[in-house]
Each structure stands twice: as structure tokens, then as C-alpha cells.
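> sequence first, predicted coordinates after that:
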Amino acid sequence: MSAEARLFFPSGNGIIPQPDFDASPTENGGWEARQSFLVKKSALSTVGLLFTRGKSVCDLDPKCPQNYRFLGLKESPQSDHAPGVLKISCVFTGYESAGSNGSSGEEQTVPTYSLRKDIEEVPLNEHRKWAALSDPSKNRLSLCLSQPENNTFNLESGTYGYFDGAVFQEHSGEFWAVPTGDELEYARLIAQDKITCKRPAWTWTVRTEGSTGFTAAQLSSAGKIVANPQGSPPTPSSGYTWFFVGPDQEQSGEKRFVKDLTYQLIADNAENQFLYGA
């Protein structure tokens, strides 16, 4: 007779906890554990009700140390173990509290941080040197940017303002002065149809987890400039500020929420301060 055929199922809840309990902490201070249980297929309709989401591992296995009572059932897939016997492989998650018995105090979670770079393509008038141009220079270059691709213009003479085939004719006077300095460099790029530039972008992400999700107040704070993002990310000395993109969260188990706070570095200028400032 096989070993499985001699299994003795207790008359109480009718499940046999297996000696394979294993628990380990997550990177952000939570806990995840695994343990399997054997049940009779014939008793599954009643015994299966014990394996409800959030059930403590200590309620399913009375011999489990009570300091793991905070671990609640996340999932319980079933598989055949022997004729007439099922194996339920359980995953538990939870958070240990500051109290010595795990039942009181604050959750002991640990945030982790990441700083990631990217390169984005932006219009030429968003280049960092554009802001230093004079208003007449910006006006002339903006008009050049608005022309169809088949228009050409002479950068080296007074016909700078003459666009072939366009409604604009040769202009004279201060507005269409021959470009110099940075205006000339921008005009050359536009004449070559180079109307975008690359700009570095940085994203700062703070990851935490806990038994509760984000609050309405935290959701409402998205889309604003913040002076001091959580975790004190490295910031360029000037010209940039942190914009709070918003929170993301993913639920894993009944009371386990993995949460991300995302910040993006943006130009610290009057426009952004007006749009996203306090």
C-alpha cells in the first residue's frame, strides 16, 4: 500500500498541513510565505471554504509560529497529489508590525529608489539656449519654423526674410535683420529642416509597499511641482525642478499594495511654475 493511501485526515478541519513552510522578506519590507496542505477531494466543498483570501497561515496550521499570524492567504492553487487527495499550494503575504507580537505598531516597510535617464525629441524652440534669445530673434525664427518645407531663405544677406513661393515677400528693416550669433545658428538648422533637438530626461521613482493603498489626498497631489521629492534625489544645481507625475499601485494579495511614486525633472521656468506650481 502506498504512503499516500495511509494518510490520516483529522476529524476537525480535515486538512493536513505539510512541513514545507517557508517565509522570506521582500525588498520593501513585506513578507511572502509558502506552505502546502493536503485535503480529501470528497471534502473539498466544505474544507475548501477554509482557504479564503486573507486567511492567516496560523489559522490553517495551528503549529505555525504565532509571530507569522500577520501573513494572510494570497492564492491557493490546487493539484492532484494522490488518488482522492488534493494538494493546495498556498502563498501568503503580509507586513510585520513594530510590536513584538506582530499585532500592534507601525508596519516595518523599506522604500527603494531608482533614477532613470531617457532622451526625448522636442521642438527646437524648447532648446535650453532659445530662452536667452531676444524677442525679435525669437519672432524671426518662429516665423521661419512655421514655413512649409519647400521654402528656402538666404541666411547671408538682407533677403533673410524672403521665402520662395510663400505669401511672405522680401522684408526690410529691423525685423528682418541679417541673423548673427545664436540666431544665425538656429536659422541654419531650420534651413536644413532640423527643427527638433534631443533633450535628456530623468525620472525618479520611489517604491514602497503596505497593507493600504494610496489615499485621495496623495492622488490629488499629482501634476504639481514639488520642492523635495521623497528620498532626496540628486538634482542639477539650477534650471530644473521636480514635477510629481503621480502614484501607481498594484495589489498583490488581499492587503498587499506595491506602490510607486514617480517624479520627472522639468525646466524650472516661468511657464512651468505657472502651470504646475502651487
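Done, it's in.

> which residues in this structure form helices?
44-47, 57-60, 135-145, 181-191, 216-220, 270-276 (DSSP state H).

> buried residues, stretch 130-141. List them.
By neighbour count on 16 or more other CB atoms under 10 Å, the buried set for stretch 130-141 is 130, 133, 137, 140, 141. The way it works is simple: take the backbone N, C-alpha and C, and place the C-beta from them, glycine included.

> of these, closest to residue 114?
Lowest distance from residue 114 to these (CB to CB) belongs to residue 130, with 31.0 Å.

> so which of the helices of the chain is the most packed in?
helix 57-60 (a mean of 18; mean count of other CB atoms under 10 Å).

> may I have that one as PDB, with CA atoms only?
These are the backbone C-alpha positions of helix 57-60, laid out as PDB (Å, rounded to 0.1, in the frame of the first residue of the first chain):
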ATOM      1  CA  VAL A  57      -1.500  30.900   7.900                       C
ATOM      2  CA  CYS A  58      -1.700  30.300  11.700                       C
ATOM      3  CA  ASP A  59      -5.500  29.600  11.300                       C
ATOM      4  CA  LEU A  60      -4.700  26.900   8.700                       C
END
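
> before we move on, back to that, could I get the buried residues of stretch 130-141 as CSV with distance to residue 255 and pLDDT?
Putting the buried residues of stretch 130-141 into CSV (distance: CB to CB, whole Å; pLDDT from 0 to 100) gives the following:
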residue, distance to residue 255, pLDDT
130, 51, 92
133, 56, 93
137, 59, 86
140, 62, 79
141, 57, 86
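
> that older thread, closest to residue 231 out of the helices of the chain?
helix 216-220 (15.4 Å).

> make TSV from the helices of the chain and add distance to residue 235 to it.
Output for those, formatted as TSV (distance: least, CB to CB, whole Å):
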stretch	distance to residue 235
helix 44-47	57
helix 57-60	44
helix 135-145	28
helix 181-191	27
helix 216-220	22
helix 270-276	15
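
> so which of those helices is nearest residue 24?
Nearest of these (CB to CB): helix 57-60, 13.7 Å.

> just give the nearest non-adjacent residue to residue 95, would you?
residue 107 (4.2 Å; CB to CB, 6 or more residues apart in numbering).

> identify whichever of the helices of the chain lies nearest to residue 208.
helix 216-220 (11.4 Å).

> which residues does residue 278 contact?
Taking CB atoms under 8 Å, 6 or more residues apart in numbering, we find residue 278 in contact with 224, 225.

> do residue 218 as well
Residue 218 neighbours (CB under 8 Å, 6+ apart): residue 247.

> per-residue pLDDT, it?
Note on residue 218: pLDDT of 82.

> gap between it and residue 202?
Counting by CB to CB, to the nearest Å, the separation of residue 218 from residue 202 is 22 Å.

> quick one: buried residues of the longest strand seen in the chain?
Taking DSSP state E as the criterion, the chain has its longest strand at strand 196-210. Using 16+ other CB under 10 Å as the test for burial, strand 196-210 gives 197, 202, 204, 205, 206, 207, 208, 209, 210.

> beta-bridge partners for the last one, please?
This points to residue 210. In this entry, residue 210 is beta-bridged to residue 257, by DSSP bridges.

> then the third one?
When bridges are taken as DSSP bridges, the partners of residue 204 come out as residue 115, residue 263.

> please look at it and residue 228 and confirm they touch.
No - counting by CB atoms under 8 Å, residue 204 stays clear of residue 228, with 11.5 Å between them.

> pull up the overlap in contacts between these two.
Joint contacts of residue 204 and residue 228 (CB under 8 Å, 6+ apart) do not exist.

> what about the strands in the stretch 51-200 of the chain?
Along the stretch 51-200 of the chain, counting by DSSP state E, counting those that start in this stretch, strands occupy 72-75, 78-82, 85-94, 112-123, 196-210.

> any chance of these in CSV, with mean pLDDT too?
Shown next, in CSV, are these (pLDDT from 0 to 100):
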stretch, mean pLDDT
strand 72-75, 93
strand 78-82, 91
strand 85-94, 94
strand 112-123, 92
strand 196-210, 91
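
> so which of these gets nearest residue 33?
That would be strand 85-94 among the strands of the stretch 51-200 of the chain, by CB to CB, at 4.4 Å.

> need the contact list for the closest residue to residue 117 other than its chain neighbours.
Counting by CB to CB, 6+ apart, residue 202 is the residue found nearest to residue 117 once chain neighbours are left out, at 5.6 Å. Residues in contact with residue 202, defined by CB under 8 Å, 6+ apart, are 115, 116, 117, 118, 264, 265.
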